[in-house]
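A.B. asks: no FASTA, just this:
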């Protein structure tokens, strides 16, 4: 069935993108562009990564924003992109995303990226900061912190670092997987773990945290500060062991942290998004999104959203793009999410599964109200 | 595509609900009602659990049975429910479910519930009993049974307890997960395990079984008695570690028990229902249902049924609601299942994937014939 | 929506079936036929395995090739099949599959099967050989090979055995699961593992390899020879522990083998086909198919293909039937795959998600160009 029009309740939404990164303020070669497009990092023999759901969605949706016909060829797209220049492309993509707000993870900068403030200007929307937890610990180690002083140093540094942030983010998934114990580590345990880690550091080598106790300590420290904690779950690049990133592995930790009432946000989740939906149903402080997968799967975005919302209450799902580096990914996330949400709600209307009033209410919750509640931010109209 | 009419072969089915619990014979506050609705057990901040697929399905389907318009607001629904009183609501919901028979798990009674006989009267259908296995062992322990006498005591108690039952049920999933060994435990092994368990019991504390050997012994004992054994798999409340409830973990046990030919029924299974379908294809004595998830996912029930029936032969899927406490859950299970089955069969007819004759035959099998064959019960018309 | 016509770009495809087995050159009883149809191996009580998606697809699609009406009853089908004789049935089914080429796994012969050459004649297409790895090692053991000479003997035997083959295949999944280390075993490690294995062999008993080091050694040896390696993943018969066949368990091995650039092909994958799609996105040398599940799930084939192609680039998916013994499975694989691919591409066209030109290009890649690139085979028209 051709899906031409968005449901008005969805078409009018300014989306709160609660998890994204900066944009590269530079022009890119085709190789650089393709390298930033997906989670792979090498050219594939005999075929372009643009020959994928993501690549076809890019040519379908982004080409018209560069004054090209829909489905313009990749070469044509990249050539026009170069002609317009990165600043113009970034502006067009971000404005077309129609964002109500952004929460920007500033902790992953393998190349220079726009700051949250600069992103906010480009998007015409307020931009908030999410502090990544691991660099806080790594900074203390790099500065010669001691094991004995580690617990207090982390608490002080995170309190300072997060003064203007709305949340924190853990990438334990990338470093040790998500099988984290369901118990706050004691200070002596943290000191012992820090001692092992610090002794293992080699001068001159990058300081990289990968210790179950310390990742867990960072999460508890953030929650103690009242910071909503985003946890990378599921899909990521080739550095993850995806089967160790099933959010169900967090069950014990979620059980232990529920009483405090500080939100925990499961990011990405694919292909375990049904698992995340279950956790969001049974734990009152757990939220989820389908970011990253959203733009990667192109026109299958609707299938993901349907699955994520089987068990998750509508008050628990947030919008996020997880866009990184390429402004196209902001726009693709937004456009694919609006279509997915519109399709989901429309099909329920056709079935008489819910009323127009409910559909509108759900759209508003998911489009931004849930995020504003989690991050305790005012509604733009209030 | 609007799905207005059920396929006649499905519309006419009296469903055999092969796994359900009793109904609370009491009026409920909104808090109590919401607490019994889903697998979560705390209020969610800033949103009601009624804002979910389940909540919307409840307002869509159950409101008209209380003389309200479809999609009546939750407050209105609960107020009308209170006005009618629990007995009237129970009668309306159960009669509207159009059940051909019920098999009631009587082993979970955190609050007073209708007995199978009372449920049967309310539903106008025969109600059979399923004996839960763990309370049999716990009763022996509570009564001061010894380790040495444990194997014989369990065998005798289960034989006695199941004299009028049609099957047994294991909740090993909740207690130790499903990674059960594929081997009948010897009596000395059972005695040793019982000894460890009994020695650990504290006077006055609840007697709660959680021992892989003993859960397994209970399952083998039931099968020896010729009792079809239901095994909780997948979805449950926040007490489960969902990733330890994947039915594939039962592979060894299923391999070891196949030759005896006594049915093993995998309950719920979501989000591992495709896994259960595989087991039902490759093991001749394995059956499955999609209960519990069925009403939780609301209008997505059809997607679950489609996935469960990818590999499972049509002779292996049973209907069950897993309704507990709220009579609405009986009705939602039945109405959502009929729609799901009708949609699945109708879409195949539109595609010319099967004939009308086959569609009718499949509906009859799944609607009740499979259950009657498993539990060795007569057809109502015979 | 009735799906009557295939997209022309798909209807015209000659499919390259890159993973299949031989056909039984004999007439079969109903019991034998049913036993070969699915992954189960015993009759199911009270129901036929023909009452399944697969059975209904067989009656829908294969009956007309035997001059019967669509949906002919099973008895009628089997009687007509016997009347025509196996050779005639094989010819009709294979020709109707319209294959461009076949790559035949010759390593599984529990009963006499047609050779690749004979299959090729029946199909009217070139047939290539895939060498199964485990029999190479088992042959050396059976011939009295020593542990000390094992590494060189395997290298020499595989080089010789694969002289006319286009690839190799590992069934580590069946024997030890897929949790293979991400490191080439050293010769001393191989010698030690071979020693343990050879010492454990009992005279007269079948020689059966099941050792993580040796399965891994076979895979590395094949890759060293430049042979694309097929790895059984996911769905198989009741001998597999399906949860140990998740292709994600191969992550370390894939990471370690990527630089060499020799293709690794993940076969079957169901129900982990989304996992395989992720691996095909992030590892440049990884490819996937949805064989075996494809015919087992009947009209749900489209759902599988959609899920597999969420993350996998279109240049990474190959067609395969995994047909074994019954010629019907070749035809069902081909007909269900053509419909699945046509539906996927058509729905994108209706949505304007891609252009007709792109749809045609993708069909050509998946239908055969990807396989020819992987196995370095010429295009039939070149």
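C.D. replies: Structure's in. What do you need? These figures come from a predicted structure and were not determined experimentally.

A.B. asks: which stretches of the stretch 1-150 of chain A form strands?
C.D. replies: Remark: strands assigned in the stretch 1-150 of chain A by DSSP state E, counting those that start in this stretch are A:15-20, A:99-105, A:127-132.

A.B. asks: quick one: which of those is nearest residue B:132?
C.D. replies: Among the strands of the stretch 1-150 of chain A, the nearest to residue B:132 by CB to CB is strand A:15-20 (43.4 Å). Any C-beta I mention is one placed from the backbone N, CA and C, and that applies to glycine too.

A.B. asks: The stretch 101-250 of chain A against chain C: which residues are in contact?
C.D. replies: Neighbours of chain C within the stretch 101-250 of chain A, by CB under 8 Å from any CB of the partner chain: A:235, A:237, A:238, A:241, A:242, A:243.

A.B. asks: Can you verify my assumption that residue A:320 contacts residue A:333?
C.D. replies: Yes - Residue A:320 is in contact with residue A:333 according to CB atoms under 8 Å; the separation is 7.4 Å.

A.B. asks: Derive a ChimeraX selection command for the buried subset of the residues of the stretch 101-250 of chain A next to chain C.
C.D. replies: Selection command for ChimeraX covering only the buried members of those, criterion 16 or more other CB atoms under 10 Å in any protein chain shown:
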select /A:235,238,241,242,243
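
A.B. asks: what two of the residues of the stretch 101-250 of chain A next to chain C are the furthest from one another?
C.D. replies: For these, and using CB to CB, no pair is farther apart than A:237 and A:243, which are 15.1 Å apart.

A.B. asks: and the nearest residue to residue A:22 once chain neighbours are set aside, how many residues sit next to it?
C.D. replies: Nearest residue to residue A:22 in three dimensions, chain neighbours excluded: residue A:113, at 2.8 Å (CB to CB, 6 or more residues apart in numbering or on different chains). Neighbourhood size, residue A:113 [other CB atoms under 10 Å in any protein chain shown]: 20.

A.B. asks: Surely residue A:113 touches residue A:23?
C.D. replies: Yes - counting by CB under 8 Å, residue A:113 does reach residue A:23; the two are 6.3 Å apart.

A.B. asks: what residues are shared contacts of the two?
C.D. replies: residue A:325 (CB atoms under 8 Å, 6 or more residues apart in numbering or on different chains).

A.B. asks: dump the residue contacts of residue A:317.
C.D. replies: Contacts for residue A:317 (CB under 8 Å, 6+ apart) come out as A:280, A:287, A:288, A:289, A:290, A:308, A:309, A:366, A:370.

A.B. asks: Identify, from these, the entry nearest to residue A:157.
C.D. replies: For the contacts of residue A:317, the nearest to residue A:157 is residue A:287 (25.9 Å; CB to CB).

A.B. asks: so what's that closest one up against?
C.D. replies: By CB under 8 Å, 6+ apart, the contact set of residue A:287 is A:263, A:264, A:265, A:266, A:280, A:316, A:317, A:318, A:370, A:374.

A.B. asks: same thing but at 10 Å, please
C.D. replies: Residues near residue A:287 by CB atoms under 10 Å, 6 or more residues apart in numbering or on different chains: A:18, A:228, A:230, A:263-267, A:276, A:279-280, A:312-313, A:315-318, A:370-371, A:373-374, B:44.

A.B. asks: before we move on, what about residue A:99?
C.D. replies: Contact analysis of residue A:99 by CB under 10 Å, 6+ apart lists A:13-17, A:20, A:119-120, A:122-127, A:319, A:321, A:330-331, A:333-334, A:368.

A.B. asks: can you rerun that using 6 Å?
C.D. replies: The neighbours of residue A:99, taking CB atoms under 6 Å, 6 or more residues apart in numbering or on different chains as the test, are A:15, A:17, A:123, A:125.

A.B. asks: so where is the stretch 51-200 of chain A shaky, pLDDT-wise?
C.D. replies: Along the stretch 51-200 of chain A, no part satisfies pLDDT under 70.

A.B. asks: Name the nearest residue to the residue of it found nearest chain B, ignoring sequence neighbours.
C.D. replies: Closest to chain B within the stretch 51-200 of chain A is residue A:179: 9.7 Å, counting by CB to the nearest CB. Once flanking residues are discounted, residue A:179 sits nearest to residue A:249: 4.5 Å by CB to CB, 6+ apart.

A.B. asks: okay, now the residue of the stretch 201-350 of chain A found nearest chain B: neighbour count?
C.D. replies: Of all residues in the stretch 201-350 of chain A, the one sitting closest to chain B is residue A:315 (2.5 Å; CB to the nearest CB). A count of neighbours around residue A:315, defined by other CB under 10 Å, yields 22.

A.B. asks: helix, strand or coil for it?
C.D. replies: Per DSSP: H, G, I helix; E, B strand; the rest coil, the secondary structure class of residue A:315 is helix.

A.B. asks: ok, now how distant is it from residue B:238?
C.D. replies: 17 Å (CB to CB, to the nearest Å).
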